[in-house]
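Colleague: Okay, structure incoming, though there's no sequence with it:
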């Protein structure tokens, strides 16, 4: 019952977040200099006639006051109409729908690589001899601090150009997915593993860990059965960071590995000032955030019994 | 399972035995020996108590017995035997077979010693999962039996609850149940009652006493001699990593040989110690701790704490009159919980009123209302015959300052980035001392609380517990107060450090005519410091009167229980009978 109420509350808040994101994007577009009608017609280079511009202004309500435009924009959104791409001449939902599968696969593969790597490294390196910790932590800091495209280049040079194990790019087959996913995974792993190990080391100092050891539990069992559950809570809190890293990283990685996907769609839309698509992608990102945070919230409840009762 | 070390050969051979144990942490210049040359043994059916103050190495010694000192420790001993078998070279794997099955371990404060994210039943059941062949339903039944056997009511229900849903006493019982689940021959209890209220602690001690059977040996670690007096057969007193005295409980408590033990016994506040200093000046060298400034540090002379300020005429009105206090807090589901109900008392100049009660009795709420930081829902607090509001209207800021407070854990009330000089200096500035005079005033205050002047540069984290409390007292004195509300000021301190702080508070009271509202759960401390005493339970005053009357003729059954629960030293008990 309490859980249901939390879900409903969170969903309502989520709708608010989406509305906020839509409004901010709308406002941002109006603040950006440039004639929208001209953009719709292909930019100044297309040299449209005055009649055409006037026609577009009337069609897109561009000659109406701000409030009317905003109202009609929100009304269309509520009906699920994201508008038409200026560049592709297809509905925005269709443009995004064509690309979302590739990016979802990339993100899923990156998460599937990053999480086991993070957990294994952090669990095995927490509270070990100083030299082990320093080496592991050094690698993590370098990975966290290195821009994604440099990690990607390094992997390309090593595994594609030198060893020829994986293709240099494209969307063909699972082999083409490995290097892009690994690039994203490494970027996420560096930060997550640092956080998880610090938390594990704090938890391993707690008295209940000593109690668990005093019962005859082995070291690895103590870490996995007792410490991990506590240490994973702050890592969950960082899933916002992970989502951002995956979305932002997909722009870089999809460009670098010449892959299809939301990232390359974003880039192309930004280059061409394809505003409806940009708005669509912003709303998609906001929706992903809302859903991820809702799931995380429910996971907290599963992990820590105090979250619901408190 | 098959390669378990054999069971003890004869019942007379010790369960555990250590000879010349040395434990060190760190390397090179930072190497520190925390245990030096300790030898001990525990036999079946006997209880050895390891007593010492914090940092004496008692906990480390206890952990060595089950190989739990951790990878950073360097452990050496001439002999280490477990169950008659040489255990000196055991691997972590061998130790893990012994722990839980043949040696149970109970730690202080079950709230942090039980995994807060797992149910109590899962914690107790883990021992059964590791060391018995029981299946899941079998473990569930056994967990309920175990919880019932340590006096947990509704064991099936409790097994499904989380540690934070249980009271402190029940938690500690559950922790004990998990330690004895696999029927170990050795039970090690490290400060098993320290975090508990007096009456609950007495119950847990009785439970531990009942577990001390013919087949079980027990090692109890405590900072409190009185706690172990009833439970233990033998006592070993530790100081700075060494055992300074060992013998039967009677011998050590009634005829202590070592000056440190004598100092430790004398430092325990009780009714017998009323009106005298807890630390005899000559005992300082014997029981000396770094808390004491080096002798010869000249303390700046201060003749009058209140030299500079305007004071109300000293009349007959008590400094503090509290009448009919009531405070409600909103509880769950729109209920209200009454924290304090109809509390009245007066505090006269130069006296101490002790407020006794267990956790949740409303002691701290009373303190906060007296300070004026919390508004009562009914009743009045009169300082010099006027309410806080009236003082505020009259802009009497010196009255505002005249009631100060010190806390149990001063560290939390200090800004960790500031030095002692800045912490006290801020209070000095708030008291209206002109900037030129502030530095001198800070040094004066440090002298008043017996802190050497060079401590002014230290930060709170670098101070010992006793020094921190001294800084807190100096900060309170900076406001030139008449009343100091002391909320459990010595509860977190070792016995000898506690004794020094109590002596200091007594000195300051005598010198400056301070009045104390002294809140404590420790009846020994209350009897030592108070002229009058107020017994609080569930926010209601059960008894109120001179301390002698209340302790000699307690009217209320709860007060009788409280007094009964004071763990008394046999030697001191005799004193009480005599007086």
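Modeller: Alright, I've got the coordinates. Keep in mind that what you see is a predicted model, and the values were worked out from it rather than measured.

Colleague: So, low pLDDT: which residues of the chain?
Modeller: Here I'm looking at chain A. Residues of chain A that meet the criterion pLDDT under 70 lie in A:1, A:43-44, A:307-310.

Colleague: my question was about chain B
Modeller: B:1-12, B:214, B:281-316, B:332-333, B:568-579.

Colleague: Around chain A, pick out the residues from it.
Modeller: Taking C-beta under 8 Å from any C-beta of the partner chain as the contact definition, chain B meets chain A at B:63, B:66, B:68, B:71, B:92-93, B:96-101, B:103-105, B:107-109, B:112-118, B:123, B:126-127, B:130-131, B:162, B:164-165, B:175, B:178-179. Where C-beta positions appear, they are placed from N, C-alpha and C, glycine not excepted.

Colleague: out of the residues you listed, which are inside strands?
Modeller: Counted as lying in strands by DSSP state E, out of the residues of chain B next to chain A, are B:103-105.

Colleague: could I get those as CSV with neighbour count?
Modeller: Putting these into CSV (neighbours: other C-beta atoms under 10 Å in any protein chain shown) gives the following:
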residue, neighbour count
B:103, 27
B:104, 29
B:105, 27
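
Colleague: tell me the domain boundaries of the chain?
Modeller: Picked chain A for this. A:2-78, A:99-309 (automatic domain parsing).

Colleague: not quite, I wanted chain B
Modeller: If you go by automatic domain parsing, chain B breaks into B:16-270, B:320-578.

Colleague: So which of the domains of chain A is the most surrounded?
Modeller: domain A:99-309 (a mean of 18; mean count of other C-beta atoms under 10 Å in any protein chain shown).

Colleague: near chain B at all, it?
Modeller: Yes - Domain A:99-309 reaches chain B (C-beta under 8 Å from any C-beta) through A:127, A:206-208, A:210-219, A:226, A:229-230, A:303-306, A:309.

Colleague: that older thread, need the domains of chain B in a markdown table with distance to residue A:70, can you?
Modeller: A markdown table is the format used below for those (distance: least, C-beta to C-beta, whole Å):
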| stretch | distance to residue A:70 |
| --- | --- |
| domain B:16-270 | 48 |
| domain B:320-578 | 42 |
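
Colleague: Figure out which of those is closest to residue A:143.
Modeller: domain B:16-270 (27.5 Å; C-beta to C-beta).

Colleague: tell me how far the ends of that closest one are from each other?
Modeller: Across domain B:16-270, the terminal residues are separated by 36 Å (C-alpha to C-alpha, to the nearest Å).

Colleague: that older thread, ok, so of the ones in strands among the residues of chain B next to chain A, who is nearest residue B:409?
Modeller: Taking C-beta to C-beta as the measure, residue B:409 lies nearest residue B:105 of those, at 26.7 Å.

Colleague: who touches the residue lying closest to that closest one once chain neighbours are set aside in this structure?
Modeller: Distance criterion C-beta to C-beta, 6 or more residues apart in numbering or on different chains; nearest residue to residue B:105, sequence neighbours excluded, is residue A:214 at 3.4 Å. Contact analysis of residue A:214 by C-beta atoms under 8 Å, 6 or more residues apart in numbering or on different chains lists B:66, B:68, B:99-100, B:103-105, B:107, B:179.

Colleague: Go again with 7 Å.
Modeller: Residues near residue A:214 by C-beta atoms under 7 Å, 6 or more residues apart in numbering or on different chains: B:66, B:68, B:99-100, B:105.

Colleague: can you put those residues in TSV and add distance to residue B:143?
Modeller: Formatted as TSV, the contacts of residue A:214 follow (distance: C-beta to C-beta, whole Å):
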residue	distance to residue B:143
B:66	22
B:68	24
B:99	19
B:100	14
B:105	18
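
Colleague: Can you tell me which residue of the stretch 451-579 of chain B sits closest to chain A?
Modeller: residue B:492 (16.4 Å; C-beta to the nearest C-beta).

Colleague: how close does residue B:104 get to residue B:218?
Modeller: 10 Å (C-beta to C-beta, to the nearest Å).

Colleague: Residues that sit against both of these two, list them.
Modeller: What both residue B:104 and residue B:218 touch, as defined by C-beta under 7 Å, 6+ apart, is the set residue B:187.

Colleague: and the longest helix for the chain?
Modeller: Defaulting to chain A. helix A:92-125 (DSSP state H).

Colleague: right idea, wrong chain: chain B
Modeller: Per DSSP H, chain B has its longest helix at helix B:495-512.

Colleague: Just name whatever secondary elements that helix is in contact with.
Modeller: helix B:259-266, helix B:465-478 (3 or more C-beta pairs under 7 Å, 6 or more residues apart in numbering or on different chains; DSSP states H and E).

Colleague: redo that, cut-off 8 Å
Modeller: Contacts defined by 3 or more C-beta pairs under 8 Å, 6 or more residues apart in numbering or on different chains; DSSP states H and E place helix B:495-512 against helix B:259-266, helix B:465-478, strand B:515-520, helix B:523-529.

Colleague: among those, which is nearest residue A:283?
Modeller: Closest of the helices and strands packed on helix B:495-512 to residue A:283 is helix B:465-478, at 54.8 Å (criterion: C-beta to C-beta).

Colleague: ok, back up a step: which two of the contacts of residue A:214 have the greatest separation?
Modeller: It's B:68 and B:100 that sit farthest apart of these, by C-beta to C-beta, at 11.5 Å.

Colleague: Between these two, point out the one with more neighbours.
Modeller: Neighbour totals were compared for residue B:68 and residue B:100, and residue B:100 leads with 26 against 20 (other C-beta atoms under 10 Å in any protein chain shown).

Colleague: wait, isn't that one in contact with residue B:131?
Modeller: Yes - Residue B:100 is in contact with residue B:131 according to C-beta atoms under 8 Å; the separation is 5.6 Å.

Colleague: and residue B:229, how many neighbours does it have?
Modeller: Around residue B:229 there are 24 residues (other C-beta under 10 Å).

Colleague: Give the phi and psi angles for it, as a check.
Modeller: phi -60, psi -40 (degrees, to the nearest 10).

Colleague: measure it to residue B:205 for me?
Modeller: 10 Å.

Colleague: Between those two, which contacts overlap?
Modeller: residue B:567.

Colleague: and the longest helix of chain B, how far out from the chain's middle?
Modeller: Averaging C-alpha positions (C-alpha atoms, centre = their mean, to the nearest Å) puts helix B:495-512 17 Å from its chain's average.

Colleague: List the buried residues for it?
Modeller: Using 16 or more other C-beta atoms under 10 Å in any protein chain shown as the test for burial, helix B:495-512 gives B:495-506, B:508-509, B:512.

Colleague: I'd like to check the angle between it and strand B:515-520, please.
Modeller: With axes from the mean of the first three to the mean of the last three C-alpha atoms, to 10 degrees applied, the angle from helix B:495-512 to strand B:515-520 works out at 160 degrees.

Colleague: what angle separates helix B:495-512 from helix B:259-266?
Modeller: For helix B:495-512 against helix B:259-266, the angle by the same axes, to 10 degrees is 60 degrees.

Colleague: and helix B:495-512 with helix B:465-478, angle?
Modeller: Going by the same axes, to 10 degrees, helix B:495-512 makes 20 degrees with helix B:465-478.

Colleague: Distance of residue B:229 relative to residue A:261?
Modeller: 74 Å.

Colleague: Surely residue B:116 and residue A:306 touch.
Modeller: Yes - Residue B:116 sits in contact with residue A:306 when judged by C-beta under 8 Å, with a separation of 7.5 Å.
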